[in-house]
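Visitor: Output the structure for:
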Amino acid sequence: MRAVAGAAKAQRIVRTATLMFILPLMFAAASAAETPRPTGSTSLPGTLTPSVGAGRVTRDVTFAPHLPTASKFTGKSIRDTRLSAAAYSLSKVIGVPKTVDVACWSVHDWSSVGGKEGGVYQTLAFWSPQMPHWVQLSPTVCRAVQTLLSNRPMYPNVFTANAVETLTHEMMHAIGIRSEPEAECFGMQLSYVLARKLDVPAGYSLGLARLNLSNYRMRPPSYRDTSRCRENGAWDLFPNEDSPPWHVEF
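Guide: Next up is the predicted model:
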């Protein structure tokens, strides 16, 4: 019974998303997003950057258009056709259709693509205005999404929830949202839609959406804005409605 109720609510969310989401896009679509990008990636498109001491060549981000296509991530760098199709479907739902290819990188290649970083936070994914029709995902994110699709855990968990929301967040940048906290807030609310586009059951997708709140508290400070990203706040896409991630029925 709850699964049915959750599915009905979800369908209302999908129908409403276009009207509620297009207004903030009108503000931001003219500006390119500033998202984490790899450092030192100056190679010409399609080149390979030697990896010092690795004994083999490492691809950089400009090699993405030459990646082999596949619908399942097994650890090698690919253009993931299933994630690409779901990302495009999400953009259509919110009223800004845009073809986006999703690159899933291997551990070896990500060391060049994602850049070497120190400190507490690491880059798990990014979108770059230099490659506006591509979203780059780390192997950590791609493994978690593939686990969700191929070997779904019995219960939703913060790792798979984070992976789905990460792709949703980067899609917000791809369609014109410049601000990191704004993209994060919209990503939390719309990750349910992306999960459904990946054929994750409605109740399970809502469970993942609920976990976005737990993950939100762990985001870098520059990604959080609790004054506007809250129920009935300025960035609530469905004000005065019980909607994810703040309210979930499943």
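Visitor: Name the secondary structure element that contains the residue nearest to the spatial centre of the chain.
Guide: The chain has residue 167 as the residue nearest its centroid, 1.1 Å off, counting by CA atoms, centre = their mean. Per DSSP states H and E, residue 167 falls inside helix 158-174.
Visitor: pLDDT weak spots in this protein?
Guide: By pLDDT under 70, the low-scoring segments of the chain are 1-56, 116-120, 249-250.
Visitor: what about the helices in it?
Guide: 2-28, 81-93, 107-113, 139-150, 158-174, 180-197, 202-216 (DSSP state H).
Visitor: Restricting to C-alpha, output stretch 132-139 in PDB.
Guide: In PDB, the C-alpha atoms belonging to stretch 132-139 read as follows (Å, rounded to 0.1, in the frame of the first residue of the first chain):
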ATOM      1  CA  PRO A 132      29.400  21.100 -22.100                       C
ATOM      2  CA  HIS A 133      27.800  17.900 -23.300                       C
ATOM      3  CA  TRP A 134      29.800  15.700 -20.900                       C
ATOM      4  CA  VAL A 135      29.600  14.700 -17.300                       C
ATOM      5  CA  GLN A 136      32.700  13.100 -15.800                       C
ATOM      6  CA  LEU A 137      32.200  10.500 -13.000                       C
ATOM      7  CA  SER A 138      34.800   8.900 -10.800                       C
ATOM      8  CA  PRO A 139      35.000   5.100 -10.500                       C
END
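Visitor: Pull out the buried residues from it.
Guide: Going by neighbour count (16 or more other CB atoms under 10 Å), the buried part of stretch 132-139 is 134-139. The C-beta positions use only the backbone N, C-alpha and C, and glycine is treated the same way.
Visitor: Residue 80: what's it in contact with?
Guide: 70-71, 73, 102-104, 137, 142 (CB atoms under 8 Å, 6 or more residues apart in numbering).
Visitor: Please report how far it lies from residue 139.
Guide: Residue 80 sits 12 Å away from residue 139 when distances are taken as CB to CB, to the nearest Å.
Visitor: joint contacts of those two?
Guide: With CB under 8 Å, 6+ apart as the test, residue 80 and residue 139 both reach 73, 104.
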